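Undergrad: Using only what follows, build the 3D model:
(2 chains)
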Amino acid sequence: MSGFLVDAALISLLTLIAILAVRLHRLFAVVMLSGAFSLVAAALFVVLDAVDVAFTEAAVGAGISTILALATLSLVPRDEKPHSIALVPAFLAFATAAMLAVAVSDLPAFGDANAPIHNHVAPEYLTGSAEDIGIPNVVTSVLASYRGFDTLGETVVVFTAAIAVLLVLGGYTRPRRRNGDRDKEDGNAR
Amino acid sequence: MQDDPVIRVVAKVMIPTVMLFALYVQFHGDYGPGGGFQAGVIFAAAFVLNAMIFGLNRGRHVWPANLNLLAVCAGVLLYGLTGVASMLLGENYLDYDVLGATPQAGQHIGILLVEFGVGLTVASVMVALFFTFAGRMTHNRLLDRMEAQDKDAKRGAAKQAPKKRSRT
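TA: Numbering: from 1, shown residues only, chains lettered A, B, ... in the order given. Below is the predicted model:
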């Protein structure tokens, strides 16, 4: 019963934060709410016994993403432009949500031991990890050894993100420009 | 740059603690929750905190941008080369069994190296992203101020407020 109460509280908090984040137009508040959303999601992952995921969500989602979003916010206007509800995108969003809701009813029950995902390679990993790799945290052995290629790919994605940002925005050591030679520079550069 | 002594002192206590915790998360990932991704983000948070409290210039002085870029590449390289090493020793790519005396020891070494590569890349990427965005901000402020000065000089008394940045 208490488990149900905790789940219900966390999920209603998540929904509330999500609705607020959509409704508010002050982007500073939206960034803070997205950080709070990540933190509540992390708590939900702890309830689901996925501590590694919770740790990542808290560190990346609530921590560094919020800081990066705030740094971005200092470069763009503070307020979202007010706009009326567009019918076609709204219809598409609701249709997608409805299809997802239908699809959820087809998923195996939560924690079902006979679900396909628990009968493919997972038993091999869980039973083999102690013998093959010999470390207590199975998540690490799956992440770094069994699925080493995936993690290599993820690392390369992070690497690519940094290279892209540095190429687009990295000109912070550019020499000072004056109004006078801006026209000249524009003529040359474009 | 923060002048409040409370914030500065607390930051000075917190930054080494955060770094130590990041190292713990990095190298204790085999035994508890954690690993390269989380440790990298936490380690970067220490640098971000340092730059937020003591100013971007001092942050750059502590950890220069070119060194950071080197770390971004070194992490990915360490990961990839661990795979190449296991290939050279006669196993599949990223199969760490051959890296140590026994397959288990090899796995331990391989996971440690690979996780360290992930941590190095993630930490330096986060620092690079933050410094780039924050550096952009100060750069724009500088341009705004210079434009305003130019206007003052040209028109004598500038009647309008300093122009918003025209190029971002």
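
Undergrad: For chain A, which residues score under the pLDDT cut-off?
TA: For chain A, the stretches flagged by pLDDT under 70 are A:1, A:171-190.

Undergrad: Would you state the strands of chain A in chain order?
TA: Using DSSP state E, chain A contains no strands.

Undergrad: domains in it, as residue ranges please.
TA: The record's domain parsing of chain A by automatic domain parsing lists A:1-80, A:122-174.

Undergrad: Let's have the ones you listed in JSON lines, adding mean neighbour count and distance to chain B.
TA: Every residue, glycine included, has its C-beta placed from N, CA and C. What follows is the domains of chain A, written out as JSON lines (neighbours: other Cβ atoms under 10 Å in any protein chain shown; distance: least, Cβ to the nearest Cβ, whole Å):
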{"stretch": "domain A:1-80", "mean neighbour count": "16", "distance to chain B": "4"}
{"stretch": "domain A:122-174", "mean neighbour count": "17", "distance to chain B": "3"}
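
Undergrad: wait, which of those is closest to B:Leu120?
TA: domain A:122-174 (9.5 Å; Cβ to Cβ).

Undergrad: The closest one: how far from the chain's middle?
TA: On the basis of Cα atoms, centre = their mean, to the nearest Å, domain A:122-174 sits 16 Å off its chain's mean C-alpha point.

Undergrad: same question, stretch B:3-15
TA: 20 Å.

Undergrad: tell me which element the residue nearest the centre of chain B falls in.
TA: Closest residue to the average C-alpha location of chain B: B:Val127 at 2.6 Å, with Cα atoms, centre = their mean. Using DSSP states H and E, B:Val127 falls within helix B:103-155.

Undergrad: ends of stretch A:105-113, how far apart?
TA: 17 Å (Cα to Cα, to the nearest Å).

Undergrad: Name the residues that touch that stretch?
TA: A:Asn114, A:Ala115, A:Pro116, A:Ile117, A:His118 (Cβ atoms under 8 Å, 6 or more residues apart in numbering or on different chains).

Undergrad: Could you check how many residues crowd around B:Gly100?
TA: Neighbours of B:Gly100 under the rule other Cβ atoms under 10 Å in any protein chain shown: 14.

Undergrad: ok, now which ones touch it?
TA: Counted by Cβ under 8 Å, 6+ apart, B:Gly100 has contacts B:Gly106, B:Gln107, B:His108, B:Ile109.

Undergrad: Quickly note the distance from the third one to chain A.
TA: Read it as B:His108. Noted for B:His108: a distance of 7 Å to chain A, by Cβ to the nearest Cβ, to the nearest Å.

Undergrad: Quick check: the residue nearest to the centre of chain B vs B:Leu70, distance?
TA: Separation of B:Val127 from B:Leu70 (Cβ to Cβ, to the nearest Å): 12 Å.

Undergrad: Wait, B:Phe131 touches B:Ala65, no?
TA: Yes - with contacts counted by Cβ atoms under 8 Å, B:Phe131 reaches B:Ala65, the gap being 6.7 Å.

Undergrad: So those two - more neighbours on which side?
TA: Neighbours were counted for B:Phe131 and for B:Ala65 using other Cβ under 10 Å; B:Phe131 has more, 23 against 17.

Undergrad: can you pull the contacts of that one?
TA: Counting by Cβ under 8 Å, 6+ apart, B:Phe131 makes contact with B:Ala51, B:Leu56, B:Gly59, B:Arg60, B:Ala65, B:Asn68.

Undergrad: Right, I'll leave it there.
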